[in-house]
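Engineer: Test case, fold it:
(one chain, ligands or ions: 2)
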Amino acid sequence: MRHYLRGRMLHCRDLPGAPRFGAEYLEDGVLIIEDEHIVELLPASEAQQQGVPLEKCQSLGKRLLVPGFIDTHVHAYQLDVIASYGEQLLQWLHRYTFPAEMRMADPAFAEEVAAQFLQQLLVNGTTSALVFATTHKHATDILFKAAAELNMCLITGKTLMDRNAPPALLDTPESSYSDSLALIEKWHGKKRLHYAVTPRFAITSSPAQLRVAHTLVRQHRNLYVQTHLAENRDEVAMVRKLFPDSRNYLDVYDRHGLCTDRAVFGHCLHLEDDEVARLRETGGVLACCPTSNLFLGSGLFDWQRMRAAQLTLSVGTDVGGGTSYSMLSTLRELYKMTQLQGTTFSPLEGFYTITLGNARALKLQHRIGNLAAGSDADFVIIDPEADALINRRVKAAHDIADEWFVYMTLGDDRVISETWVAGKPLYKTDGAVVKGVAA
Ligand code: GUN
Ligand code: ZN
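Structural biologist: Numbering: from 1, shown residues only. Ligands and ions are numbered 1, 2, ... in the order given. So this is what the prediction gives:
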């Protein structure tokens, strides 16, 4: 069944190095979708010439259609950790985060949290994410199943942690291998799902467990790796003590064969020049998490330095360390971080980053990240009229980049009018379309 949407559309075409990030704006476009995929995006005049029945198009009115947002670093089971007061990373983990994750030992509770987590993504216009689960095999399985039911493109994996955390959360090198293997066999490459080998960070994995992670990566094609890197100064000092033979923090992962071009490293605030150079050599991906870095007092991500070093950059929310599931709110804090450092981060760079940029970082640009023919039909409809101030400021916008900057500076879930996943409207502000996805 074909479906036609007509109105204002913005996306980035996949032209590496293109000026303005390949941004393409159609004032009057027609998006043709069939089942799960985008057939074509074209100007309405051309669509009419090709015989598209314009009267059958769903009109967007004043709204703007953009690709679904992508979050490259978020923790599914930290839903109840968001907004936990007064601690920095290591204390925050022990005081709030580990106890919250321990509650996922109860499968019924984990199921409820996983459903709510995916709902939060959709309400905020996020259609794909790279996600940390918990150390529990069943909680990881539950998250995969919930994403499969919504037909979302999701990457996740069981968190590996065999030391320096409460005993109830610890696995062993042996169990982390067998549990991960079973999950990989069940979910990796099924529907729109992918597996990420997920050592939490160097502090909570023994060398034996990091070797297991490498074995898993070697034994399977196209597995992702996700972990944390150089988020907090006390963390960096502790890694130095735990791995005295390593040259630096990244070297702990590198020696264990985990520095691949599918490895996504959260935070990367306190990197030495050698680490930056090695990330460039290996094609590793950085996931910048500005709301978390400010909230936990971890530091300022140096976007300009990493961009100049030609690293692959992406952006994530990192909830529960982060304070919002909204990629718009996340861009706003990233913009402020660059302002504090006297550098630049343009509106279109922001738009590119949470759509095609994050898709490229995850090597999924052929499926998600823009509105190109053949892509999966994941998109979001933004409504400027959802808020009086935003509406007023958008009316004064001098071009589409300026309009986008208004959403990025003032917007959040309030402006998300519809979220479509694989050709289906899973969320609409005017009510639930799919059971369990009500606002
Ligand atoms: N480092 C190790 N685990 C975590 C986590 O859950 N959140 C954040 N922000 N950093 C971490
Ligand atoms: Zn994190």
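Engineer: any idea which element the closest residue to residue 58 other than its chain neighbours lies in?
Structural biologist: Spatial nearest neighbour of residue 58, chain neighbours left out: residue 5 (5.0 Å); criterion: C-beta to C-beta, 6 or more residues apart in numbering. In this view, the C-beta of every residue, glycine as well, is placed from N, C-alpha and C. Applying DSSP states H and E as the criterion places residue 5 in strand 2-12.
Engineer: downstream neighbour of that strand in the secondary structure list?
Structural biologist: Next helix or strand after strand 2-12 toward the C-terminus (DSSP H and E): strand 23-34.
Engineer: What is the helix or strand following that following strand packed up against?
Structural biologist: Where DSSP H and E defines the elements, the next helix or strand beyond strand 23-34 is strand 37-43. In terms of contacts (3 or more C-beta pairs under 8 Å, 6 or more residues apart in numbering; DSSP states H and E), strand 37-43 is packed against strand 2-12, strand 23-34.
Engineer: residues in this protein within reach of ligand 2, list them.
Structural biologist: Contact residues, the chain versus ligand 2 (C-beta under 5 Å from the ion): 266, 318.
Engineer: try it again with 8 Å
Structural biologist: Contacts of the chain with ligand 2, taken as C-beta under 8 Å from the ion, map to 73-75, 132, 228, 231, 266-267, 289, 292, 316, 318, 321.
Engineer: Secondary structure added to those residues, as TSV?
Structural biologist: Below are the residues of the chain next to ligand 2 laid out as TSV (DSSP: H, G, I helix; E, B strand; the rest coil):
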residue	secondary structure
73	strand
74	strand
75	strand
132	strand
228	strand
231	coil
266	strand
267	strand
289	coil
292	helix
316	coil
318	coil
321	coil
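Engineer: where do the strands sit along the stretch 301-439 of the chain?
Structural biologist: With DSSP state E, counting those that start in this stretch as the criterion, the stretch 301-439 of the chain has strands at 312-315, 379-382, 416-421, 424-428, 431-432.
Engineer: With the stretch 101-250 of the chain instead?
Structural biologist: 126-132, 153-157, 159-160, 193-199, 224-229.
Engineer: Which one of those strands lies nearest to residue 49?
Structural biologist: Comparing those by their distance to residue 49 (C-beta to C-beta), the top pick is strand 126-132, with 31.1 Å.
Engineer: Tally up the residues packed near residue 345, please.
Structural biologist: Residue 345 has 19 neighbouring residues, counting by other C-beta atoms under 10 Å.
Engineer: That one reaches residue 332, doesn't it?
Structural biologist: No - counting by C-beta atoms under 8 Å, residue 345 stays clear of residue 332, with 10.4 Å between them.
Engineer: list the contacts for the residue of the stretch 251-400 of the chain found nearest ligand 1?
Structural biologist: Going by C-beta to the nearest ligand atom, ligand 1 is nearest to residue 321 of the stretch 251-400 of the chain, at 3.2 Å. By C-beta atoms under 8 Å, 6 or more residues apart in numbering, the contact list for residue 321 reads 75, 78, 81, 89, 92, 289, 292, 295-296.
Engineer: where are the low-confidence patches of the stretch 101-250 of the chain?
Structural biologist: Applying pLDDT under 70 to the stretch 101-250 of the chain flags no residue at all.
Engineer: Tell me where it has helices.
Structural biologist: For the stretch 101-250 of the chain, helices defined by DSSP state H, counting those that start in this stretch occupy the ranges 107-123, 137-150, 173-187, 207-219, 233-242, 249-255.
Engineer: thinking again about what came up before, measure the residue nearest to residue 58 to ligand 2 for me?
Structural biologist: Separation of residue 5 from ligand 2 (C-beta to the ion, to the nearest Å) stands at 35 Å.
Engineer: do residue 203 as well
Structural biologist: Here residue 203 is placed at a distance of 13 Å from ligand 2 (C-beta to the ion).
Engineer: Show me what from the stretch 301-439 of the chain comes close to ligand 1.
Structural biologist: Contact residues, the stretch 301-439 of the chain versus ligand 1 (C-beta under 6 Å from any ligand atom): 318, 321.
Engineer: hmm, back to that, adding mean neighbour count, write the helices of the stretch 101-250 of the chain out as JSON lines.
Structural biologist: Formatted as JSON lines, the helices of the stretch 101-250 of the chain follow (neighbours: other C-beta atoms under 10 Å):
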{"stretch": "helix 107-123", "mean neighbour count": "20"}
{"stretch": "helix 137-150", "mean neighbour count": "22"}
{"stretch": "helix 173-187", "mean neighbour count": "18"}
{"stretch": "helix 207-219", "mean neighbour count": "18"}
{"stretch": "helix 233-242", "mean neighbour count": "16"}
{"stretch": "helix 249-255", "mean neighbour count": "23"}
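Engineer: Out of the ones you listed, which gets nearest to residue 371?
Structural biologist: Of all the helices of the stretch 101-250 of the chain, helix 107-123 sits nearest to residue 371, with 18.5 Å by C-beta to C-beta.
Engineer: re the thing from before, restricted to buried residues, select the residues of the chain next to ligand 2 in PyMOL.
Structural biologist: The following PyMOL line selects those of the residues of the chain next to ligand 2 that are buried, judged by 16 or more other C-beta atoms under 10 Å:
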select buried, resi 73+74+75+132+228+231+266+267+289+292+316+318+321
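Engineer: which of the residues of the chain next to ligand 2 sit farthest apart?
Structural biologist: Pairwise over the residues of the chain next to ligand 2, using C-beta to C-beta, the maximum falls at 74 and 231, 14.6 Å.
Engineer: Let me see the contact set for the residue lying farthest from the centre of the chain.
Structural biologist: Farthest-out residue of the chain from its mean C-alpha position, per C-alpha atoms, centre = their mean: residue 49, at 38.5 Å. Neighbour list for residue 49: empty [criterion: C-beta under 8 Å, 6+ apart].
Engineer: Let's see the pLDDT reported for it.
Structural biologist: We have a pLDDT of 97 for residue 49.
Engineer: Specify the beta-bridge partners of residue 265.
Structural biologist: When bridges are called by DSSP bridges, residue 265 pairs up with residue 227, residue 286.
Engineer: surely residue 384 meets residue 392?
Structural biologist: No - the criterion here is C-beta under 8 Å, and residue 384 misses it with residue 392 at 9.2 Å.
Engineer: Those two: which has the busier surroundings?
Structural biologist: Counted by other C-beta under 10 Å, residue 384 and residue 392 do not tie: residue 384 has more neighbours, with 21 against 11.
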